[in-house]
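> Attaching a predicted model along with its sequence, questions to come.
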Amino acid sequence: MDSFTVRIARWSARHPWRAIVGWLVFVVLCLGVGSAVGTNSARTADYRVGEAGRAEALAAAGQLERKSTEQVLISARSGALDRDAARAAASDLTDRMKRLPEVDGVDAPRLSGDGQILLVQVALKGEERDAKDKVGALVEQTARVQRGHPGLLLQETGSPSISKGVDQQRSDDLALSEAITLPVTLITLLVVFGSVTMAGVPLLLALSSIAAAIGLSMVASHVSPDAGVGTNVILMIGLAVGVDYTLFYLKREREERARSGGRLGSEALVELAAATSGRAVVVSGFAVVASTATLYLASDVIFSSLATGTIVVVLVAVASSLTALPALLVKLGQRAERVQARRVRRGKPVRPARGQGGGRLWSALLRPAVRHPLATLCVSVLGLLALAAPLAGLRITEMSRDTHSREIPAMRVYDRLNEAFPEQRVTHQVVVRTDAAHAAEVGPALREVARRADADPLFAGASRVRTSADHRTGVLELKVPYLGNSDQAYDSLEHLRHDFLPDTVGRIDGAEYGVSGDVARYADYPAHQNGKLPLVLGALLLVTFAMTVYAFRSVVLGLIGVVLNLLSAAAALGLLVLVFQGTWAEGLLDFHSTGSIGSRVPLFLFVILFGLSMDYQVFVVSRIREAALAGVPTRQAVLDGIRSSASVVTSAAVVMTTVFASFVFLHIIEMKQIGFVLATAVLLDAFLVRVMVLPSAMLLLGGASWWPGRPWPVADAADVAEKGAARPWAVDVR
């Protein structure tokens with residue numbers, strides 16, 4: 001019975017122009033609809049987790065939420081500050097800022113301790129997440145005041161301008177990443193196929209899939225808000241899997257063309273490829289989708305955004321390989337057949353189709369597993385465990401504002417601000433909400449908190465207590481003269497949460513309270529992720545096991561797949577810790593070590609790697625099982641399957657590694673870490689796990705690899721070709 005992939009391929013092969021035009025129309029429609037509905041960006045409330053999130057929600061309910069602020073530093077260009085001129089500039093700036101509709105208020109100017117910098121702080125209206133879109137108007141006014149006072153230096157910083165600078169840097173970085181990956185990918189494909197036309201097909205389909213996915217992700221954002229990382233992950237994952245899926249299909253079609261020796265036409269070859277590699281692509285794609293969907297269990301808007309982008313682009317890439325690709329292959333195949341026919345008529349020799357062989361290199365690489373499977377398995381596993389050993393020292397933190405690149409102008413001004421006004425470095429926001437009967441107790445309790453903080457050297461002053469209109473909610477801001485990523489900043493948070501608050505506001509009956517602010521967010525987010533980690537990993541292991549068992553009807557292979565994925569992920573994480581938590585590689589990879597790993601990196605690695613590893617697992621084991629189904633003994637089936645898939649696995653790994661490694665050149669430290677760990681994981685998985693560990697394990701297990709089922713002989717592709725069957729896709733690879 002024809003499979004779903006064969007039926008789609010057959011229709012596309014018989015109606016190639018309809019399929020190609022239909023795909024282009026689909027891409028254009030996706031972009032058009034996406035542009036029409038726009039992107040639903042995540043709001044501030046979507047990011048709230050832990051105690052910090054609850055405190056922010058309490059403050060928002062009382063309309064006392066924290067305002068986004070910009071700071072303008074006024075200093076002398078050289079020499080001592082002319083204070084009269086600085087005050088005049090500050091007055092001019094204040095008047096201009098107050099007239100802006102984006103501005104909520106302007107604080108009175110403050111002079112630094114050394115008397116050399118005057119600070120003007122401006123609060124913005126509206127959502128914290130929207131502030132970066134409004135900051136342009138403030139920067140323009142600062143520039144105008146600068147032109148009016150050329151003897152002074154006016155510099156602006158703040159969370160909004162830093163966020164805008166980070167966005168611009170991310171955009172520039174992605175352009176650099178594309179400039180690296182596209183040429184390298186094209187060169188890799190040229191080496192694989194030896195043809196510009198054939199090399200261009202995977203790249204064009206991947207790019208069109210990315211375009212369609214970007215449009216669809218805009219639509220999907222109205223169900224799951226976009227955290228601003230969707231496009232990044234679509235570009236990264238889309239190019240990797242888009243090229244890989246097309247590569248799997250293309251290589252199989254060329255292999256069958258070479259094997260048939262001209263006895264099968266382009267349509268039959270495409271259908272045969274659909275029955276084998278086409279099915280592998282579908283299984284791999286849905287494995288990535290199922291694995292990635294476990295990120296939704298993290299209950300985090302950023303992970304949800306990453307999951308949505310990955311799922312959309314993978315599904316689109318699978319669709320392109322099943323619809324547009326067969327049509328393109330038929331048209332290219334028919335053109336090649338016409339060229340061959342003309343050569344025959346002219347008496348020229350016919351060019352043989354390039355097939356796919358294992359090659360001497362892969363025979364040499366497989367030799368240890370073939371001759372000494374037990375020793376190879378033990379050494380390989382011990383090597384992976386050794387690479388994973390640095391995980392014992394893993395330190396996970398939320399990457400704070402202090403970790404951003406100093407190539408962003410606002411970050412350099414931020415450093416000047418922290419040096420001149422240390423009390424501006426960290427602000428804790430204490431929020432209390434109670435019922436009307438106890439509203440009168442809120443103010444005194446918060447003032448007692450301020451009194452205790454004043455006696456603690458970790459704090460540097462407190463604001464006045466602000467209360468809501470109904471007096472049920474109160475807010476107190478406490479200053480800390482240490483950087484947000486310092487131990488002292490985290491200690492001050494601990495003092496508040498575990499010492500000061502329980503003995504003050506905690507004594508108010510029925511009161512809800514909490515501490516928010518940047519440091520509280522940095523502390524609560526990793527804690528939130530650690531709490532969700534067992535659930536996500538448990539679901540991930542279950543999904544991976546279930547997908548492998550479904551694909552190969554083997555519990556043993558399901559267990560092997562889970563163990564191998566854990567090994568490669570752990571080894572890649574161990575290398576990440578070794579490189580990024582130390583300082584020895586800073587100059588080599590152009591980063592400043594924070595002594596920690598970004599809190600999102602490990603979970604993202606596990607989920608994405610488990611999905612992407614299924615590409616290799618499905619493709620390699622499918623070829624092994626296909627040989628076993630044709631009656632080949634398991635030992636020979638393992639060797640034949642790995643040799644026949646070696647070329648495409650190598651090419652796919654090079655493409656994926658190039659895409660991920662290009663992110664190491666980015667400035668954002670967390671993106672560097674993600675790029676490094678994914679590139680490392682793919683290399684380990686493709687060249688160690690699938691060449692050493694997997695074949696060694698299967699050779700040792702023999703027929704037990706297929707438990708509880710067993711392969712049974714069926715007609716293979718060569719039999720079909722010899723019999724001239726009308727339906728060569730009848731090879732059973734289920």
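That came in fine, so what should we check first?
> For the residue lying closest to Phe303 once chain neighbours are set aside, which residues are in contact?
Once flanking residues are discounted, Phe303 sits nearest to Leu295: 4.4 Å by C-beta to C-beta, 6 or more residues apart in numbering. C-beta here means a position set from N, CA and C on the backbone, and glycine is covered the same way. Contact analysis of Leu295 by C-beta atoms under 8 Å, 6 or more residues apart in numbering lists Phe303, Ser304, Leu306, Ala307, Val536, Leu603, Phe604, Val607.
> And Ala206, by the same measure?
So Ala206 contacts Gly238, Leu239, Gly242, Val243, Thr246, Ala317 (C-beta under 8 Å, 6+ apart).
> any idea of the pLDDT on the fifth one?
So that's Thr246. Among the per-residue scores, Thr246 holds a pLDDT of 87.
> From Gly200, how far out is it?
11 Å (C-beta to C-beta, to the nearest Å).
> Neighbour count: these two, which is higher?
Thr246 (26 against 14; other C-beta atoms under 10 Å).
> Go ahead and confirm that one touches Thr323.
No. Assessed by C-beta atoms under 8 Å, Thr246 is found out of contact with Thr323, at 11.9 Å.
> if we can go back for a sec, between the contacts of Ala206, which sits nearest Ala455?
Of all the contacts of Ala206, Ala455 sits closest to Gly238, with 56.1 Å by C-beta to C-beta.
> how much space is there between Gly443 and Asp456?
Distance check for Gly443 against Asp456: by C-beta to C-beta, it reads 21 Å.
> The helix or strand containing Tyr513 pairs with which strands, parallel or anti?
For Tyr513, the host element (DSSP states H and E) is strand 512-516. Strand 512-516 has the following strand partners under DSSP bridges: strand 426-433 (antiparallel).
> For the partner strand, what does the pLDDT average out to?
Computed over strand 426-433, the average pLDDT equals 95.
> Over to stretch 93-100?
When pLDDT is averaged along stretch 93-100, the result is 96.
> Local confidence estimate at the nearest residue to Val601 once chain neighbours are set aside?
Among residues not flanking Val601 along the chain, Gln673 sits closest, at 4.9 Å (C-beta to C-beta, 6+ apart). The per-residue pLDDT reported for Gln673 equals 92.
> what's the neighbour count on Gln673?
So Gln673, with other C-beta under 10 Å, has 27 neighbours.
> ok, it touching Leu575?
No. Under the criterion of C-beta under 8 Å, Gln673 is not in contact with Leu575, lying 11.0 Å apart.
> Does Ala137 lie in a helix or a strand, and which?
Secondary structure assigned from DSSP H and E places Ala137 in helix 131-148.
> CA-only coordinates of that helix, as CSV, when you get a sec.
What follows is helix 131-148, C-alpha atoms only, in CSV (Å, rounded to 0.1, in the frame of the first residue of the first chain):
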residue,chain,number,x,y,z
ALA,A,131,10.4,51.4,26.1
LYS,A,132,13.2,50.6,23.6
ASP,A,133,10.8,51.6,20.8
LYS,A,134,10.3,55.0,22.5
VAL,A,135,13.8,55.8,23.4
GLY,A,136,14.7,57.3,20.0
ALA,A,137,12.8,60.5,20.8
LEU,A,138,14.8,60.9,24.0
VAL,A,139,18.1,60.3,22.3
GLU,A,140,17.2,63.0,19.7
GLN,A,141,16.6,65.6,22.4
THR,A,142,19.8,64.7,24.1
ALA,A,143,21.6,65.2,20.8
ARG,A,144,20.0,68.6,20.4
VAL,A,145,21.1,69.7,23.8
GLN,A,146,24.6,68.5,23.0
ARG,A,147,24.7,70.6,19.9
GLY,A,148,23.6,73.6,22.0
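> Identify each buried residue in it, please.
Ala131, Lys132, Asp133, Lys134, Val135, Ala137, Leu138, Val139, Gln141, Thr142, Val145, Gln146 (16 or more other C-beta atoms under 10 Å).
> Name the residues that touch stretch 13-26?
11-12, 208, 212, 266-267, 270-271, 320, 323-324, 326-331.
> Name only those of those residues that count as buried.
12, 208, 212, 266-267, 270-271, 320, 323-324, 326-331.
> Inside helices: which ones of those?
12, 208, 212, 266-267, 270-271, 320, 324, 326-331 (DSSP state H).
> tell me the least confident of those residues?
Here the lowest pLDDT out of those sits on Ser266, with 79.
> who's in contact with that residue?
Residues in contact with Ser266, defined by C-beta under 8 Å, 6+ apart, are Ala13, Leu329, Val330, Gly333, Gln334, Glu337.
> Arg110: which of these is nearest?
Leu329 (69.3 Å).
> doesn't Gln636 make contact with Ser627?
No, residue 627 isn't Ser; it's Ala. Yes. Counting by C-beta under 8 Å, Ala627 does reach Gln636; the two are 7.3 Å apart.
> Which of the two has more residues huddled nearby?
Higher neighbour count among Ala627 and Gln636: Ala627, with 21 against 12, using other C-beta under 10 Å.
> who touches the more buried one in this structure?
Residues in contact with Ala627 (C-beta under 8 Å, 6+ apart) are Gln636, Ala637, Asp640, Gly641.
> switch the cut-off to 6 Å
The contact partners of Ala627, by C-beta atoms under 6 Å, 6 or more residues apart in numbering, come to Ala637, Asp640, Gly641.
> which stretches of the stretch 601-734 of the chain form helices?
When assigned using DSSP state H, counting those that start in this stretch, the helices of the stretch 601-734 of the chain occupy the ranges 601-629, 634-661, 669-684, 694-701, 717-723.
> nope, the stretch 1-150 of the chain is what I was after
Assigned by DSSP H, counting those that start in this stretch, the stretch 1-150 of the chain shows helices spanning 4-14, 16-37, 50-61, 83-98, 131-148.
> Can you check which of these gets nearest to Val120?
Nearest of those to Val120, taken as C-beta to C-beta: helix 83-98 at 5.2 Å.
> Run the angle between that closest one and helix 131-148 for me.
Helix 83-98 runs at 140 degrees relative to helix 131-148, counting by axes from the mean of the first three to the mean of the last three C-alpha atoms, to 10 degrees.
> now helix 83-98, how far from the centre of its chain.
With C-alpha atoms, centre = their mean, to the nearest Å as the basis, helix 83-98 stands 44 Å off its chain's centre.
> quick one: buried residues of it?
Neighbour-count burial for helix 83-98, counted by 16+ other C-beta under 10 Å, picks out Ala86, Ala88, Ala89, Ala90, Leu93, Thr94, Arg96, Met97.
> got a list of what the first one touches?
Translated: Ala86. Per C-beta under 6 Å, 6+ apart, neighbours of Ala86: Ile74, Leu118.
> and with 8 Å instead?
Counting by C-beta under 8 Å, 6+ apart, Ala86 makes contact with Ile74, Ser75, Ala76, Pro109, Leu118, Leu152.
> What is the most widely separated pair among those?
Within these, Ala76 and Pro109 form the most distant pair, 15.2 Å apart (C-beta to C-beta).
> between the buried ones among the contacts of stretch 13-26, which is nearest Arg48?
Nearest to Arg48 out of these is Ala212 (C-beta to C-beta; 32.7 Å).
> ok, the closest one - contacts?
Ala212 makes contact with Phe26, Val27, Cys30, Leu31, Val316, according to C-beta under 8 Å, 6+ apart.
> Is the fourth one in contact with Gly215, as I believe?
Yes. Checked against C-beta under 8 Å, the pair Leu31 and Gly215 is within contact range at 4.1 Å.
> what about the most centrally placed residue in the chain, helix or strand, and which?
Compute the mean C-alpha point of the chain, and by C-alpha atoms, centre = their mean the closest residue is Val233, 4.8 Å away. Per DSSP H and E: Val233 is located in helix 230-260.
> got the angle for that helix vs helix 4-14?
Going by the same axes, to 10 degrees, helix 230-260 makes 80 degrees with helix 4-14.
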